[in-house]
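> One predicted model, sequence on top.
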Amino acid sequence: MAKIQPLPVPAASSPPSCSPSGDERQILQKQAVYTVWMKSLVFNGNGCTVYGADGSVAFRVDNYGCRGGREVFFMDHAGKTLIKIQRKSFGVFRRWEACRYFDDGEGFGEETRPWFRVQKAGKNEAAVTIHGSGRTYTIDGCAGKSDYKITGADGAVAAAIGRKQTASGVVLGEDVLTLTVGSGTDHLLALGLVVVCGLMNRCL
């Protein structure tokens, strides 16, 4: 399988298990850059593929239904489900909820309470609520397929996405993106929100 080589980044990241260890949690809080290809590796499937700093597949979404489907699964490179994302309600009340999966050594399952919820808050914004913590984020520019950012309640940018550029400055197509995740931001949260934006815009 050919690799999509990302630009050099200050810190690499590794795909986590469903229950990250302490060291893995620290890795998933460091600043990192991912390449997001808004295509599935499955023939005739919808979804996206996320490449890590070494150019290999780190995460993926395979959607076997129609674009913008009601339910997709965010997986690690080996196909283990990490997050389930579901669309709830319709029309102006439409929202998306994500539940994490866990592996406690005795079994593999889905958490009963949603991890986060996303709802449109205007033509080009979406509000993100993290259940249980009270933290909130805003997706600014979510109507755009390839250029938007995720900000915290204090206005600080937690993550940003834009079209990928090669080292020589060539801008790639709208389906090849660079996700920059800020230090202290949960990588899985940022990646999950990218998937939600893809569902909003019927890109996967």
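Here it is on my side, so go on. Numbering: from 1, shown residues only.
> and the longest helix belonging to the chain, what's its mean pLDDT?
Looking only at the chain and at elements set by DSSP state H, the helix with the highest residue count is helix 187-200. Confidence for helix 187-200, expressed as mean pLDDT, is 94.
> Please shift the residue numbers so they start at 58 in all later answers.
With 58 as the first residue, the last one maps to helix 244-257.
> Send me it as CSV with only the CA atoms.
The C-alpha coordinates for helix 244-257 follow below in CSV (Å, rounded to 0.1, in the frame of the first residue of the first chain):
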residue,chain,number,x,y,z
HIS,A,244,-6.4,13.6,19.3
LEU,A,245,-9.4,11.2,19.2
LEU,A,246,-11.8,14.1,20.0
ALA,A,247,-10.3,16.2,17.2
LEU,A,248,-10.4,13.3,14.7
GLY,A,249,-14.0,12.5,15.8
LEU,A,250,-15.1,16.0,15.1
VAL,A,251,-13.5,15.9,11.6
VAL,A,252,-15.6,12.8,11.0
VAL,A,253,-18.7,14.6,12.1
CYS,A,254,-17.9,17.5,9.8
GLY,A,255,-17.5,15.0,7.0
LEU,A,256,-20.9,13.6,7.8
MET,A,257,-22.4,17.1,7.9
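> Please state the offset of it from the chain centre?
Relative to its parent chain, helix 244-257 has a centroid offset of 3 Å by C-alpha atoms, centre = their mean, to the nearest Å.
> Can you mark which positions in it are buried?
For helix 244-257, the buried set under the neighbour-count rule, 16 or more other C-beta atoms under 10 Å, comprises 244-257. Every residue, glycine included, has its C-beta placed from N, CA and C.
> and if you look at stretch 191-198?
By neighbour count on 16+ other C-beta under 10 Å, the buried set for stretch 191-198 is Tyr194, Thr195, Ile196, Asp197, Gly198.
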